[in-house]
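**Student:** give me coordinates for this.
(one chain, ligands or ions: 1)
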Amino acid sequence: MTDKTSNQMWGGRFAAGPDAIMEAINASIGFDKRMAAQDIAGSRAHAAMLAATGVISDNDADAIREGLLTVLSEIESGDFVFSTALEDIHMNVEARLKEVIGEPAGRLHTGRSRNDQVATDFKLWVRDQFDAAESGILALIKALLGQAEAGADWVMPGFTHLQTAQPVTWGHHMMAYVEMFGRDLSRVRDARARMNESPLGAAALAGTSFPIDREMTAAALGFDRPAANSLDAVSDRDFALEFLSCASICAMHLSRFAEELVIWSSAQFRFVQLSDRFSTGSSIMPQKKNPDAAELIRAKVGRIFGANTALMMVMKGLPLTYSKDMQEDKEQVFDAADNWMLALAAMEGMVKDMTANQASLAAAAGSGFSTATDLADWLVRVLGLPFRDAHHITGTLVALAESRGCDLPDLSLADMTGVHEGITEDVFTVLGVENSVNSRMSYGGTAPAQVRAQVARWTEMLG
Ligand code: ARG
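**Tutor:** Numbers count the residues shown, from 1 in each chain. Next up, the predicted model:
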């Protein structure tokens, strides 16, 4: 007999229980209890398969499957008492199952190990989060499409280096983010399809001598197929890393949009008004309306990318197969998933609620010599000048307007012909921002007609 204090699940060869510090560093129950539903689903599928293949009796499998439902309802109702001594969710559930159904509980762990069990549970959990991310991204894209459709022809400045570059449309700017989040959506779908192979039945690392049916458990758990190599199945955490890298890239996109909202909602820009529902006040400055949600979304990329880096570092250099290091995978993924979903939902809410200030956008669109390129293009198209010469002439006219403190359309025809004699009255038709954006009809350009075509394409694609 072993000492009563040794672990009831694996203590056979131990004479004494672990030091309190050993127990503290070893336990994962504090966080992996979030995988309780997945653990129980995996065990129920495993038990059914063990009975179907004749490894355990139908009676035992029925008792196990029923008992697991009891345990699940205890956990869901908050009645379950989690034990740190039992390390993790797997052993907590199995120990409680034994209390509930007695001897048959000991047969559940036949032909499997915690190594394939934890990989299965975690995959099921991450798969749900891929699905949640897909819905969150889709909802955000739909909110952006709403903004784009409404403002397909609202002019605003387009920027490079955050300096006014050329006029664009509000709708076009919104659709740029639709493309970005659209790539995030496709990344999430790719990664989800790739990860959907079942580790269950890989057992500790080498497979098992029991005549198990891995196809059966894979199908029961919604996997496309069993993972083909048992060593890989228990040591693979690519799915978690792909999840974190999808999350990181999407959070980076969210942070760029959030930054624009912070800038645009400032008193200096006044491009957008965020709703009261997604802003906060200041406790000392009564006039303030702060874009806190946008700022927090901007910051989330820090912890999400941090999680990605942390798990890469945990996995780097680990020899095959399972090592306890891998228990450090979950908290990173849990935290990143929670914050990714929250950031997506907050961004969706902000986008749905925000109001573009068309007048400020239009005023800004025409300032900063934003139609200088249109002027240069006119010199090329109408007078047949080489673009480099046209660029130089336009630069001279910009400098002239700047010295006068006016914009390009405010120069007189005499000012223009003073710089190049061939310029005619017709040039003024291209100096207005509306004409400028309407002329950008190249595929993917900012012309309202192009923007509407892209909105229609996305709307149809999303069904
Ligand atoms: N709590 C462990 C984890 O999260 C479960 C797997 C334990 N496996 C083992 N061989 N000790 O990774």
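**Student:** what's the helix or strand encompassing Asp374 packed up against?
**Tutor:** Per DSSP states H and E, Asp374 falls inside helix 372-383. Where contact means 3 or more C-beta pairs under 8 Å, 6 or more residues apart in numbering; DSSP states H and E, helix 372-383 is packed against helix 387-404, helix 433-439. Heads up, the C-betas are built off the backbone N, CA and C, glycines and all.
**Student:** at 7 Å what do you get?
**Tutor:** helix 387-404 (3 or more C-beta pairs under 7 Å, 6 or more residues apart in numbering; DSSP states H and E).
**Student:** what does the average pLDDT come to for the helix it packs on?
**Tutor:** The pLDDT scores in helix 387-404 average 96.
**Student:** let's number from 784 now, not from 1
**Tutor:** All set: I'll call the first residue 784, so the last point we hit is now helix 1170-1187.
**Student:** can you list the weak-confidence ranges in the protein?
**Tutor:** For the chain, applying pLDDT under 70 flags the ranges 784-788.
**Student:** skip the chain neighbours and tell me the closest residue to the residue most central in space within the chain.
**Tutor:** Among the residues of the chain, the one closest to the centroid is Ala1030, at 3.6 Å (C-alpha atoms, centre = their mean). Excluding its sequence neighbours, the residue lying closest to Ala1030 (C-beta to C-beta, 6 or more residues apart in numbering) is Trp1123, at 4.5 Å.
**Student:** correct me, but that neighbour touches Ala1034?
**Tutor:** Yes: shown here, Trp1123 and Ala1034 form a contact pair, counting by C-beta atoms under 7 Å, at 6.3 Å.
**Student:** spit out the residues that contact the two alike.
**Tutor:** Ile1087 (C-beta atoms under 7 Å, 6 or more residues apart in numbering).
**Student:** how close does Ala916 sit to Gly1215?
**Tutor:** Separation of Ala916 from Gly1215 (C-beta to C-beta, to the nearest Å): 43 Å.
**Student:** who's more crowded, these two?
**Tutor:** Ala916 (25 against 18; other C-beta atoms under 10 Å).
**Student:** follow-up on the earlier one: so the residue nearest to the centre of the chain is in which element?
**Tutor:** With DSSP H and E as the criterion, Ala1030 is inside helix 1021-1047.
**Student:** circling back to that earlier point, what about the residue nearest to Ala1030, how many residues close to it?
**Tutor:** 28.
**Student:** got the contact list for it?
**Tutor:** 916, 1030, 1033-1034, 1087.
**Student:** repeat for Ala1147
**Tutor:** 939-940.
**Student:** next one: the helix holding Asp1157 to chain centre, how far?
**Tutor:** Relative to its parent chain, helix 1155-1166 has a centroid offset of 43 Å by C-alpha atoms, centre = their mean, to the nearest Å.
**Student:** same thing with stretch 1005-1018?
**Tutor:** In terms of C-alpha atoms, centre = their mean, the centre of stretch 1005-1018 is set 25 Å apart from its chain centre.
**Student:** now do stretch 1096-1104
**Tutor:** Worked out by C-alpha atoms, centre = their mean, stretch 1096-1104 lies 25 Å from the chain centre.
**Student:** still on that earlier bit, how near is the residue nearest to Ala1030 to the ligand?
**Tutor:** 21 Å (C-beta to the nearest ligand atom, to the nearest Å).
**Student:** what's the answer for Lys1113, then?
**Tutor:** Counting by C-beta to the nearest ligand atom, the gap from Lys1113 to the ligand is 6 Å.
**Student:** where's that residue, which helix or strand?
**Tutor:** Per DSSP H and E, Lys1113 falls inside helix 1113-1136.
**Student:** tell me which helix or strand comes right after that helix.
**Tutor:** Next along from helix 1113-1136, by DSSP H and E: strand 1138-1139.
**Student:** still on that earlier bit, elements contacting the helix holding Ala1030?
**Tutor:** Partner elements for helix 1021-1047 (3+ C-beta pairs under 7 Å, 6+ apart): helix 897-933, helix 953-978, helix 1075-1098, helix 1113-1136.
**Student:** still on that earlier bit, from the contacts of Trp1123, which is closest to the ligand?
**Tutor:** Nearest to the ligand among the contacts of Trp1123 is Ala1030, at 20.3 Å by C-beta to the nearest ligand atom.
**Student:** close to the ligand: what parts of this protein are there?
**Tutor:** Residues of the chain lying close to the ligand by C-beta under 6 Å from any ligand atom are 811, 815, 871, 897-898, 901, 1105, 1107, 1109-1110.
**Student:** report the two of the residues you listed separated the most.
**Tutor:** Asp815 and Tyr1105 (14.7 Å; C-beta to C-beta).
**Student:** those two - which one has more neighbours?
**Tutor:** Between Asp815 and Tyr1105, counted using other C-beta under 10 Å, the more crowded position is Asp815 (25 against 20).
**Student:** in a helix, the more buried one, correct?
**Tutor:** Yes: with DSSP: H, G, I helix; E, B strand; the rest coil as the criterion, Asp815 is part of a helix.
**Student:** so it is in contact with Ile872, correct?
**Tutor:** Yes: using C-beta under 7 Å, Asp815 makes contact with Ile872 at a distance of 4.5 Å.
**Student:** so Met957 touches Gly929, yeah?
**Tutor:** No: using C-beta under 7 Å, Met957 is not in contact with Gly929, being 8.7 Å away.
**Student:** and the two? Which one has more around it.
**Tutor:** Met957 (25 against 14).
**Student:** tell me the contacts of that one?
**Tutor:** Going by C-beta under 7 Å, 6+ apart, the list of residues near Met957 reads 927, 930-931.
**Student:** now do the same end-to-end measure for stretch 1002-1021.
**Tutor:** 21 Å (C-alpha to C-alpha, to the nearest Å).
**Student:** ok, now stretch 1038-1054?
**Tutor:** 18 Å.
**Student:** centre of the chain to that stretch, how far?
**Tutor:** Distance, centroid of stretch 1038-1054 to centroid of chain: 21 Å (C-alpha atoms, centre = their mean).
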